[in-house]
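Undergrad: Got a sequence here, can you model it:
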Amino acid sequence: MAETIADTRRLISKPQNLNDAYGPPSNFLEIDTNLPIFKLKESTVRRRYSDFEWLRNELERESKVVVPPLPGKALLRQLPFRGDDGIFDDSFIEERKQALEQFINKVAGHPLAQNERCLHMFLQDEVIDKNYTPSKIRHT
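TA: Residues are numbered from 1 along each chain as shown. The predicted structure is shown next:
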């Protein structure tokens, strides 16, 4: 009977410089919007996947909008010994960006979602106040 030996070698990590270690993560998705319903004609914010999850949950809880699904979590890509860069693989990052862009374009283009304060915060506020009071945006 053959004996199985576990591979206990350390993962080879990419060398980091100070900007990599202490700067903003490189796997952010940048969203630019210029929809007329928003107070700012243009805004650029940085959002992580968990922020998209928060937005989706808020819209489902507070509005009558049928919210499209998010792309799936990348749990399998986080496993060690895959032989690729996992969640840092360029093709995976590009696929994820495209899927999140489709999601946010569908949501931001929905007339009912455009009135939700959580969407305005998501698209325009530098930091999302997750303790906000849900409400509709009032047009003046």
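
Undergrad: can we go C-alpha only for contacts and neighbour counts from here?
TA: Fine.

Undergrad: Next, the buried residues of stretch 129-136.
TA: The neighbour-count check on stretch 129-136 (16 or more other Cα atoms under 10 Å) flags K136 as buried.

Undergrad: pLDDT (mean, whole number) over it?
TA: For stretch 129-136, mean pLDDT is 88.

Undergrad: And for W54, the neighbour number?
TA: 15 (other Cα atoms under 10 Å).

Undergrad: quick one: contacts for the closest residue to S135 other than its chain neighbours?
TA: Distances taken as Cα to Cα, 6 or more residues apart in numbering place R117 nearest to S135, at 5.7 Å, with adjacent residues excluded. Contacts for R117 (Cα atoms under 8 Å, 6 or more residues apart in numbering) come out as P134, S135, K136, I137.

Undergrad: Tell me which stretches of the protein form helices.
TA: Along the chain, the stretches classed as helices by DSSP state H are 18-22, 49-62, 90-108, 117-124.

Undergrad: Now stretch 114-133: buried residues?
TA: Neighbour-count burial for stretch 114-133, counted by 16+ other Cα under 10 Å, picks out Q114, N115, E116, R117, C118, L119, H120, M121, F122, L123, Q124, I128.

Undergrad: Could you measure from the fourth one over to L35?
TA: The one in question is R117. 15 Å (Cα to Cα, to the nearest Å).

Undergrad: same thing with the second one?
TA: N115 is 12 Å from L35, where distance means Cα to Cα.

Undergrad: circling back: could I get the buried residues of stretch 114-133 as TSV with distance to L70?
TA: Below are the buried residues of stretch 114-133 laid out as TSV (distance: Cα to Cα, whole Å):
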residue	distance to L70
Q114	18
N115	21
E116	19
R117	20
C118	17
L119	15
H120	19
M121	19
F122	15
L123	16
Q124	20
I128	19
